[in-house]
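> With the input below, show me the fold.
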Amino acid sequence: MFENKNWRVVSLITICFGIYFILSVLSFAFGFSWEPFEKVNLITDVFKKNDRESTEAGKLAKSDPKKQNLATDFELYKKPDLITRFYKDQNVNVLPHFSEKLHQIKSTGKGKLRIAYFGDSMIEGDLLTQTLRQLLQKEFGGYGVGFLPVQTNVGSFRKTASIKGSGWKTTNFMDKGAKNMYISGFSFSGLGNSVLTDKSVSSAQTLQKYLLYGNAGGGSINFNGSNVRLNGNSLVNSQLLSSDTLATVNFKSNSAAMPVYGMSFESENGIILDNFSFRGITGIEFKKIDEDFLKAVQNSSQYDLIVMQYGVNLLWKPDTEDFSFYTKNMKPVLEKFNKAFPKTDILLVSSADRAFMYNGTYETATGLPNVLETQAQLAFDYNLAFFNLFETMGGKNSIVGWALQNPPLANKDYIHPNAKGTDVLAQKIYQALIKDYKKYKPTTPTAK
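Sure, this is the predicted structure:
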C-alpha cells in the first residue's frame, strides 16, 4: 500500500511538470503572458538570462572590438598616417563614438562634439590644435576657441586668444602635494581678475561663454560689470554666463576660496576643441587628478574624443633607452581615464622625432624607437587608438631635415616643430581622422 501511494505522488508530480512545461513553451512561442504564471514559468528565466548575457556581450563587443575576435597586428603601430587599434582589417572604424557624433552633426547640423587635446610644449600657444580645430570646424561646423585658462605665462605668442590675468593664486601639476587641479593642469583661487579674448571668431558670431569652476559654496563673480551668483557644489561646474557677439570678457572673483579653472568660448553647435598644453610633462602627471574629479569633468563638459600627445620629454638624456618606469606610472593613469570616460574615444599620439648630437652630428635619439613601442603597447593593452607621429613626420632624422630645410618646419633645438611644421602635423592628423570617419557605418536609428 505504501509503495502504491508513492507511485501516485510521482505520477502527479510528473503530470504537473509536463503541463507546466507545455504551457511554458506555448507561452514563449505564441507570446502569451500572464504575470502570476510568469513567476512559475519554467523557461522564461533561461531565455531572459540568455538575452541578458547576449546584451552584455553586445555591449562589450561594441566598447571593445577585441571581443569581436578581430585579428590584431601590433606591428601596425609603425605605419605613418594611420589611426589604428591594431586590427588587421583596415576597414574597421576605430573611433566609433567620435565618428558617430561627427555623423550626427554632419547630418543634422545640431549638437556639440567636444575634443580635449592634451600635450606638452609642442602644442603650446595653440600650435597644431588651432589648425586642427579650424579644419574640423570648416568641415563639420562650429566656431570658438574653446577652453582658456584665467591666467597663463605662455600665451604671448598665441594667435587665437588673448589671456590677461592677475591676482590669482595658482596651483599646478608641478607643485608638491598638489591634487585635483583642472585637466589643464592648473587651478586658480583668490580675488583675481581676468580679461579673455577669443581672436578666432568674427564680430558677427554669437559666442556662448561658460565659466568652469569648483564648489561654488554660494560664491559669485563680477562678469562684465555685473555680479553673477554661481550655482553648483560639484568638484567641477559649468555655468553659462552670456550668449552674445562679445568676444572679450572681463571678470573678477568675489570668493577667495572658490576654485576657478577657466572659461570656454564656443558656438551653440559644432566642433569644440580645447587645447590643454603643459610644458615639460609626459602624461604621468595626471596621477594627481583622481577618478571622481575626472568624472566631474566629464559630467560638466562631455568630451567625445580625448587626444594625448606626449613623449619627447621622456627623452631628456641622449642615451636613455629603458622606459619601464613610464609604463609603470602611465598604466594607472590610462586605467583611470578609461573608467572616468567610458563612452569617450581616447587616442594616444606618439612622440614626434627628437635629435641629440652623436659624434658631432644631430641624429634621432637612440631611445626613441623604444618610446614608440612603449606607447603603442600601452594603447594596445588599454584598447586605445594610436597614431605614430614620428613616422608620420618622416621617421628617423626627420626633425633634423625639418629644421634645415628652407623654409624650416622645425626649430634648431631639434625638438619643436615651428608654426609651419605644426600646421603640417595638424593636417596629417585631420586627414587620418577623416579617413577613419569614412569607415564608419551608421547603425543607430538616429544615424540612419
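
> the strands in the stretch 1-150 of the chain, which residues?
Assigned by DSSP state E, counting those that start in this stretch, the strands in the stretch 1-150 of the chain fall at 83-84, 112-119, 146-149.

> Can you list the helices and strands that the helix or strand just after the last one packs against?
Taking DSSP states H and E as the definition, the helix or strand that follows strand 146-149 towards the C-terminus is strand 161-166. Using 3 or more CB pairs under 8 Å, 6 or more residues apart in numbering; DSSP states H and E as the contact criterion, the secondary-structure elements in contact with strand 161-166 are strand 146-149, strand 193-198. The C-beta positions use only the backbone N, C-alpha and C, and glycine is treated the same way.

> nearest to L372, of the ones you listed?
Ranking those by proximity to L372 (CB to CB) places strand 146-149 first, at 29.0 Å.

> List the strands paired with the closest one, with their directions.
Using DSSP bridges, the strands paired with strand 146-149 in its sheet are strand 260-266 (antiparallel).

> Which of the residues in the strand it pairs with are classified as buried?
V260, Y261, G262, M263, S264, F265, E266 (16 or more other CB atoms under 10 Å).

> what is the orientation angle of that strand with strand 193-198?
20 degrees (axes from the mean of the first three to the mean of the last three CA atoms, to 10 degrees).

> quick one: average pLDDT of strand 260-266?
Averaged over strand 260-266, pLDDT sits at 98.

> ditto for stretch 156-172
On average, stretch 156-172 scores 96.

> Just checking, which helix or strand of the protein averages the lowest pLDDT?
Across the helices and strands of the chain, mean pLDDT, DSSP states H and E gives its lowest value to helix 44-63, namely a mean of 39.

> any idea how far Q427 lies from N299?
33 Å (CB to CB, to the nearest Å).

> circling back to that earlier point, may I see the buried residues of strand 260-266 organised as TSV, with distance to L368 added?
Formatted as TSV, the buried residues of strand 260-266 follow (distance: CB to CB, whole Å):
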residue	distance to L368
V260	39
Y261	34
G262	33
M263	38
S264	35
F265	37
E266	37
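
> mind giving me the domain split of this protein?
2-57, 70-142+270-448, 143-268 (automatic domain parsing).

> isn't L230 right next to Q239, touching?
Yes - using CB atoms under 8 Å, L230 is in contact with Q239, at 5.9 Å.

> and L70, what pLDDT?
Reading off the model, L70 has pLDDT 87.

> In CSV, list the C-alpha atoms belonging to stretch 407-425.
Extracted in CSV, the C-alpha atoms of stretch 407-425 (Å, rounded to 0.1, in the frame of the first residue of the first chain):
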residue,chain,number,x,y,z
PRO,A,407,61.7,77.4,-45.2
PRO,A,408,62.2,75.4,-42.0
LEU,A,409,59.5,73.3,-40.4
ALA,A,410,61.2,73.0,-37.0
ASN,A,411,63.4,74.9,-34.6
LYS,A,412,67.1,74.2,-34.4
ASP,A,413,66.7,72.8,-30.9
TYR,A,414,65.8,69.7,-32.9
ILE,A,415,62.8,69.1,-30.6
HIS,A,416,60.0,71.5,-31.6
PRO,A,417,58.3,71.8,-35.0
ASN,A,418,57.6,75.5,-35.6
ALA,A,419,54.2,77.0,-36.6
LYS,A,420,54.6,75.8,-40.2
GLY,A,421,55.6,72.4,-39.0
THR,A,422,52.7,72.0,-36.6
ASP,A,423,50.4,73.1,-39.4
VAL,A,424,51.7,70.1,-41.4
LEU,A,425,51.1,67.8,-38.5
